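Undergrad: build me a model:
(2 chains, ligands or ions: 2)
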Amino acid sequence: MAVIDFEFRNSIIQKDLGNTLAYCYQCGTCSGACPVAQVTNGRYNPRKLILNSLLGLKDNLLLGTENNFNIWGCTVCDTCDEMCPQNVELTEIFTLLKNMSVKKGEAPDYYTTQAKFILEHGKAIPLAPAIERRRDQMGLPKAPKVDKKEVRALLKETGLEKIIGPIEEEKKEGEK
Amino acid sequence: MEEYDLFPGCVIPNRLPYLEDSARKVFDKLGVKTFDAPFNCCPDPVGFNAVHHKSWMVLSARNLTIAENDNRSIASLCNGCTQTLKAVNVELKQSEEERASINAVLAKIGREFKGTISVKHFVQILIEDVGIEKIKEAITTPFTGLKVACHTGCHYARPSHIMQWDDPMEPKCLRELVEATGATAVDYDEEVLCCGAGVGNTEEEPAMQILKQKFDSAIQAGAKCFVVICPACYQQMDNSQRNLKKLFEKEYNIPILYLTELLALAMGYKYDDLNLKLHRARPQTLLERYNAV
Ligand code: SF4
Ligand code: SF4
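TA: Numbers count the residues shown, from 1 in each chain, chains lettered A, B, ... in the order given. Ligands and ions are numbered 1, 2, ... in the order given. Okay, here's the model as predicted:
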């Protein structure tokens, strides 16, 4: 049986990102406009995500690593936000749900891997030597260096490391 | 003309430098002056924001402070970067509470968000700062008769209350710029459909189904190539054609050109000047017809 969790519901509505949740009247415009819903046979349904958030049915949302498509199936095209007659900011509410899913360790690897790259290099894609040579051949200027110390200090302050775990080099140092 | 800090993002300079090269060539021809700056990842509105919203805001705000210190607005080459930087810029300008909370973090490295600059997609700069007439004057190799499917991608004008630019569901500016080269922007049903890259991070097949829908609709309307303005869309559309063949036993081979590549070609640069052989779906045969090789 699904358990209604009021605290969960409030934790969405009380946040800046989630404060439009209460305006949803379940018309289904979002799901009708959603490109992922069209091709996944009920596996992804934004209206239902909003309904379960409204009712505080946490157990219907965070379903574990194997069944995370219900949240992570969103392709973030922002069509639903644009079409919703009630101006519910769906993708912002989904950002909150995804952040919770990450905390529970239920997100697809792609997301945490990218976050670790950003934590380590300050960039989602670091500059590889082969591309650096290609840039030189094309006569492109050297890509400006990112101040990794600043990036690291900021992400330490926000607590990101605690959420996604330490990056590889630190793990190794820790093992020594 | 206004001068900008160039925000090339992560994907373009570090994976697709030929796109950056085409943009710089077009900016030079049109007199758009940009400066390089040591920005970090924008960060990715689809990836990093989903992992930790506050970290996403803070890193974006750091970028904004760099441009603020240069006293220049930001010219972005990528939809995703534009959306992230613009969303955070707007949010921090509007909400004192958010600003205080983000500035408390930035203070650790001696930075402060002040809210003095703006963020623009390069399409906006081409339309507003340069203007269609001046672009038309710079065209030496017109693409008369070339049928193009315009794909603006999702994070260019949505969500509209943040982006405040062009039409979120019927974008017009890319069409105008494509048509300035003499080409024809075809009407196709799935013009505003996503490229599918986002869901592709989780599962491949729905992403491919979405992309197939898009391709089929454009090809049916007679398009011979796509023109795009976002490197994530570019990669998804250029790299996935082999996958589409595997999944649906259908050969696509449709060139995906960055808007700045099409413009550079129309301004006289050739296939080799722009390293277009680095595209997976090579546009060589198509461009031979227009003396652009
Ligand atoms: S379109 Fe808006 S109001 Fe309608 S179901 Fe979706 S979120 Fe609710
Ligand atoms: S943003 Fe996500 S939920 Fe909304 S329409 Fe796009 S894919 Fe569907």
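Undergrad: tell me where chain B has strands.
TA: Counting by DSSP state E, chain B has strands at residues B:4-7, B:34-35, B:73-76, B:119-121, B:147-151, B:184-185, B:225-228, B:256-258.
Undergrad: also chain A?
TA: Using DSSP E, strands in chain A do not occur.
Undergrad: now do the helices in it.
TA: For chain A, the helices defined by DSSP state H occupy A:6-13, A:29-33, A:35-39, A:46-55, A:69-72, A:79-83, A:90-103, A:109-121, A:129-138, A:148-158, A:160-164, A:168-175.
Undergrad: for the strands of chain B, which one sits closest to A:C74?
TA: strand B:147-151 (19.6 Å; Cβ to Cβ). In this view, the C-beta of every residue, glycine as well, is placed from N, C-alpha and C.
Undergrad: who touches that closest one?
TA: With Cβ atoms under 8 Å, 6 or more residues apart in numbering or on different chains as the test, strand B:147-151 has contacts from B:171, B:174-175, B:178, B:183-186, B:188, B:191, B:195, B:214, B:218, B:221-228, B:233, B:237, B:262.
Undergrad: out of the helices of chain A, the one nearest ligand 1 is which?
TA: Closest to ligand 1 of these is helix A:29-33 (Cβ to the nearest ligand atom; 3.2 Å).
Undergrad: can you tell me what sits against the closest one?
TA: Contacts for helix A:29-33 (Cβ under 8 Å, 6+ apart): A:37, A:45-48, A:50, A:79-80, A:83-85, A:88, A:90.
Undergrad: looking at the strands of chain B, spot the one closest to A:N99.
TA: So among the strands of chain B, strand B:119-121 is nearest, using Cβ to Cβ, at 23.8 Å.
Undergrad: what comes up buried for stretch B:64-79?
TA: B:64-68, B:72-79 (16 or more other Cβ atoms under 10 Å in any protein chain shown).
Undergrad: typo on my end, stretch A:140-149
TA: Neighbour-count burial for stretch A:140-149 [16+ other Cβ under 10 Å]: A:L140, A:A143, A:V146.
Undergrad: lowest-confidence entry in these?
TA: Lowest pLDDT within the buried residues of stretch A:140-149 is found at A:A143 (88).
Undergrad: and that residue, what is it in contact with?
TA: A:L127, A:E132, A:R135, B:P8, B:P13, B:N14, B:D36.
Undergrad: can you put the residues you listed in TSV and add pLDDT and neighbour count?
TA: Listed next are those as TSV, based on pLDDT from 0 to 100; neighbours: other Cβ atoms under 10 Å in any protein chain shown:
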residue	pLDDT	neighbour count
A:L127	93	19
A:E132	96	16
A:R135	97	20
B:P8	98	26
B:P13	97	26
B:N14	96	21
B:D36	98	14
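Undergrad: out of those residues, which comes closest to A:G18?
TA: Using Cβ to Cβ, these come closest to A:G18 at B:P8, 33.2 Å.
Undergrad: dump the residue contacts of residue 26.
TA: Picking chain A for this. A:R47, A:I50, A:L51.
Undergrad: sorry, should have said chain B
TA: B:V32, B:T260, B:L263, B:A264, B:M267.
Undergrad: okay, these in CSV with distance to chain A next?
TA: CSV is the format used below for those (distance: Cβ to the nearest Cβ, whole Å):
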residue, distance to chain A
B:V32, 16
B:T260, 14
B:L263, 17
B:A264, 13
B:M267, 17
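Undergrad: ok, those residues vs ligand 2, which is closest?
TA: B:T260 (26.9 Å).
Undergrad: what about that closest one, how many neighbours?
TA: 25 (other Cβ atoms under 10 Å in any protein chain shown).
Undergrad: got it, and the one 3 residues further on?
TA: The local packing count at B:L263 equals 27, with neighbours defined by other Cβ under 10 Å.
Undergrad: wait, it sits on B:T181?
TA: Yes - between B:L263 and B:T181 there is a contact at 6.6 Å, judged by Cβ atoms under 8 Å.
Undergrad: show me the domain layout of the chain.
TA: Just so you know, I chose chain A. Following automatic domain parsing, chain A resolves into domains at A:6-103, A:109-175.
Undergrad: wrong chain, I was asking about chain B
TA: Split by automatic domain parsing, chain B gives B:4-122, B:132-288.
Undergrad: any chance of the ones you listed in a markdown table, with distance to A:L97 too?
TA: Formatted as a markdown table, the domains of chain B follow (distance: least, Cβ to Cβ, whole Å):
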| stretch | distance to A:L97 |
| --- | --- |
| domain B:4-122 | 9 |
| domain B:132-288 | 14 |
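Undergrad: pick the most buried one from those domains.
TA: domain B:4-122 (a mean of 22; mean count of other Cβ atoms under 10 Å in any protein chain shown).
Undergrad: now distance to B:L92 too, for the domains of chain A, in a markdown table please.
TA: What follows is the domains of chain A, written out as a markdown table (distance: least, Cβ to Cβ, whole Å):
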| stretch | distance to B:L92 |
| --- | --- |
| domain A:6-103 | 12 |
| domain A:109-175 | 15 |
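Undergrad: kindly compare burial across those domains and name the winner.
TA: Taking mean count of other Cβ under 10 Å, domain A:6-103 is the most buried of those, at a mean of 19.
Undergrad: residue most distant from the centroid, chain B?
TA: B:K108 (32.6 Å; Cα atoms, centre = their mean).
Undergrad: re the thing from before, identify, from the buried residues of stretch B:64-79, the entry nearest to ligand 1.
TA: For the buried residues of stretch B:64-79, the nearest to ligand 1 is B:N79 (23.5 Å; Cβ to the nearest ligand atom).
Undergrad: was I right about the closest one contacting B:V119?
TA: No - B:N79 sits out of contact with B:V119 when judged by Cβ under 8 Å, with a separation of 11.9 Å.
Undergrad: name the nearest residue to B:R111, ignoring sequence neighbours.
TA: Of all residues not flanking B:R111 in the chain, B:T65 sits nearest, at 4.5 Å (Cβ to Cβ, 6 or more residues apart in numbering or on different chains).
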